[in-house]
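In: Provided below are the primary sequence and the corresponding predicted coordinates.
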Amino acid sequence: MHRPGSPEHSSFVRTRTRPGQQSRPVAAGPGGSGTGRRQREHRALATAARLLAAVPIALTLLPLSRSGQGWVRIWDFPRAQISVLGLLAQAAMLRWGTSRPADRALRTALAVSLAYQAARMAPYTPLYKCQVPDAGHVSSDCCIRLFMANVLQDNRRADLVLQAVKDADPDVVCLVETDAWWASAVKPLEADYPYVTRHPLSNDYGMFLCSRLPVTSCDVRFVVSEDVPSIRAVVQLRSGDEIDIYAVHPPPPLPESPSYGRDAELVLTGREIADKGRPAIVIGDLNDVAWSYTAKLFQRVSHMVDPRVGRGLFSTFHSEHPLARYPLDHVFHTRDFTLKELRVLSYTGSDHFPILAELAYTPARKAAVPRPTPSAADLANEEEMVEDAIEAKPYVGPDGKGGVTTTPS
């Protein structure tokens, strides 16, 4: 037994002193020294930093897979959000990480992930050269204004949609998610837009297209699934030239909904445009972001260009969540066109903002625009996407969510 006052019994320990310096008692505390506690806290924070760093790295790697599973494909969307998370993780690693090889490797992998995310999004900033030239002074007879909006089937603010169309004064109006209620609600448009094609559905995939320019032919098609229509119209400009307009709205990838139908519809539409070789415009809610592999593949297969490149993101979804907003509504076109105007419009009660584009038909300037061309790997991947869709037999359920009959092998 130790005597009271002995070093083993005392609740104080003495600090080490230099010669000539008086020692001071320091409380050891029930949990050990203060230094030990700080070390344990540092180790815990270092572990948390490593776990945090692993998340953006994993979410960067996941979409590199060509899997059509929705829980994989959805990570194509939030690249900006993943980048912010990666920056926070890198700051945490610099603060609490160690100089051990494993931590250095993790910081390097995180830096590569951030660089990759930035590279995917950089084309949609003014840092890049515009892919589509400005039209400049062009006769209005050669121009076409297009209004596109996902109205949200359950939205009942048709007054806001009608006002937005009136203010934008487009030549062609494309609305998606139109059911029977919406087909009736937008009937006032038909007074100014006499060329009308409507296909109302109650599954979130109804479509409505109207034009004040002559439409010489128009077809409602079912490219992949009998539940999901698209529209192809031949429109005559005031100059007398005819162009093709494709309105497309495939189902989105969701954790429980694969992307086989969406991917195949984009590929098949792109093939058709390339095979026809006619001046064409694709508009619609593609349920894909501009920087995804499938969107880029669509451009290369169809030889189409994107007016957003070099100008901005033009994000349209989600209208009510500024921190989770993506460019889901698109305007792609062949190199026969140059750009007069492109902008996102005001809120209309939907979860999407409308988008307005004015294009000038300037085929004489086509040669100045580089032609997107698919690689051999692209051609193999597009064929695989179509085969996967044929095997999967995609459909849309009553809740509007996509599904498959069979998961491709």
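Out: Thanks, I have the structure now.

In: Tell me who's in contact with the nearest residue to His333 once chain neighbours are set aside.
Out: Spatial nearest neighbour of His333, excluding adjacent residues (CB to CB, 6 or more residues apart in numbering): Ile281 at 4.5 Å. In short, each C-beta sits where N, CA and C put it, glycine included. Neighbour list for Ile281: 144, 146, 243-246, 331-334, 337, 359 [criterion: CB atoms under 8 Å, 6 or more residues apart in numbering].

In: Tell me where the stretch 101-250 of the chain has helices.
Out: Assigned by DSSP state H, counting those that start in this stretch, the stretch 101-250 of the chain shows helices spanning 101-121, 158-168, 180-185.

In: closest to Gln236 out of those?
Out: Closest to Gln236 of the helices of the stretch 101-250 of the chain is helix 158-168 (CB to CB; 20.8 Å).

In: Residues contacting the closest one, please?
Out: Contacts of helix 158-168 (CB under 8 Å, 6+ apart): 145, 147, 149, 151, 173, 175, 182, 185-186, 188-189, 345-350, 354, 356.

In: Ignoring the adjacent residues along the chain, who's closest to Glu256?
Out: Gly70 (6.4 Å).

In: rewinding a little: narrow the contacts of helix 158-168 to just the buried residues.
Out: Among these, those classed as buried by neighbour count (16 or more other CB atoms under 10 Å) are 145, 147, 149, 151, 173, 175, 182, 185-186, 189, 345, 348, 350, 354, 356.

In: Skip the chain neighbours and tell me the closest residue to Tyr347.
Out: Ser319 (5.6 Å).

In: now swap in Asp219 and tell me
Out: Closest to Asp219 by CB to CB, 6+ apart is Arg232, at 5.2 Å.

In: ok, back up a step: any chance of the backbone angles for the residue nearest to Tyr347?
Out: phi -60, psi -30 (degrees, to the nearest 10).

In: List the residues that contact it.
Out: 325, 347, 350-353.

In: among those residues, which two are most distant?
Out: Arg325 and Ser350 (13.4 Å).

In: SS state for Ala357?
Out: strand (DSSP: H, G, I helix; E, B strand; the rest coil).

In: before we move on, the earlier item: go through the helices of the stretch 101-250 of the chain and name the closest to Ser292.
Out: Short answer: helix 101-121, nearest of those by CB to CB, at 8.6 Å.

In: now the strands: where do they sit in the stretch 1-150 of the chain?
Out: 12-14, 25-27, 143-150 (DSSP state E, counting those that start in this stretch).

In: Those: lowest mean pLDDT?
Out: In terms of mean pLDDT, the lowest-scoring of the strands of the stretch 1-150 of the chain is strand 12-14 (a mean of 41).

In: for stretch 208-226, the distance to its chain's centre please.
Out: 25 Å (CA atoms, centre = their mean, to the nearest Å).

In: What are the buried residues along it?
Out: Buried residues in stretch 208-226 (16+ other CB under 10 Å): 208-213, 215, 218, 221, 223-225.

In: how about the strands in the stretch 301-409 of the chain?
Out: 329-333, 337-344, 355-361, 394-396, 402-404.

In: Which of those strands sits closest to Asp378?
Out: Short answer: strand 329-333, nearest of the strands of the stretch 301-409 of the chain by CB to CB, at 16.1 Å.

In: which residues of the stretch 301-409 of the chain fall in helices?
Out: According to DSSP H, counting those that start in this stretch, the helices that the stretch 301-409 of the chain contains are 376-392.

In: returning to that earlier point: kindly reformat the helices of the stretch 101-250 of the chain as JSON lines containing mean pLDDT and distance to Pro307.
Out: Shown next, in JSON lines, are the helices of the stretch 101-250 of the chain (pLDDT from 0 to 100; distance: least, CB to CB, whole Å):
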{"stretch": "helix 101-121", "mean pLDDT": "96", "distance to Pro307": "17"}
{"stretch": "helix 158-168", "mean pLDDT": "98", "distance to Pro307": "16"}
{"stretch": "helix 180-185", "mean pLDDT": "98", "distance to Pro307": "28"}
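
In: Redo those as a markdown table? Include distance to Leu297.
Out: Shown next, in a markdown table, are the helices of the stretch 101-250 of the chain (distance: least, CB to CB, whole Å):
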| stretch | distance to Leu297 |
| --- | --- |
| helix 101-121 | 14 |
| helix 158-168 | 31 |
| helix 180-185 | 32 |
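
In: Closest to the centroid, which residue in this protein?
Out: Val289 (2.4 Å; CA atoms, centre = their mean).

In: so that residue sits right up against Asp329, yeah?
Out: No: distance between Val289 and Asp329: 10.7 Å, which falls outside the contact criterion (CB atoms under 8 Å).

In: residue ranges with poor pLDDT in this structure?
Out: 1-33, 409 (pLDDT under 70).

In: Domain-wise, how is it divided?
Out: According to automatic domain parsing, the chain comprises the domains 34-124, 140-394.

In: which of these sits most buried?
Out: Among these, domain 140-394 has the highest mean neighbour count (mean count of other CB atoms under 10 Å), at a mean of 20.

In: end-to-end on that domain?
Out: 42 Å (CA to CA, to the nearest Å).

In: do the same with stretch 188-202
Out: OK, stretch 188-202 end separation, CA to CA: 21 Å.

In: contacts for that stretch?
Out: Under CB under 8 Å, 6+ apart, the answer for stretch 188-202 is 153, 162, 165, 173, 178-180, 182-183, 206-215, 218, 220, 227, 229, 231, 233.

In: Which secondary structure element is home to Lys296?
Out: Taking DSSP states H and E as the criterion, Lys296 maps to helix 293-302.

In: That helix vs helix 376-392, what angle?
Out: 110 degrees (axes from the mean of the first three to the mean of the last three CA atoms, to 10 degrees).
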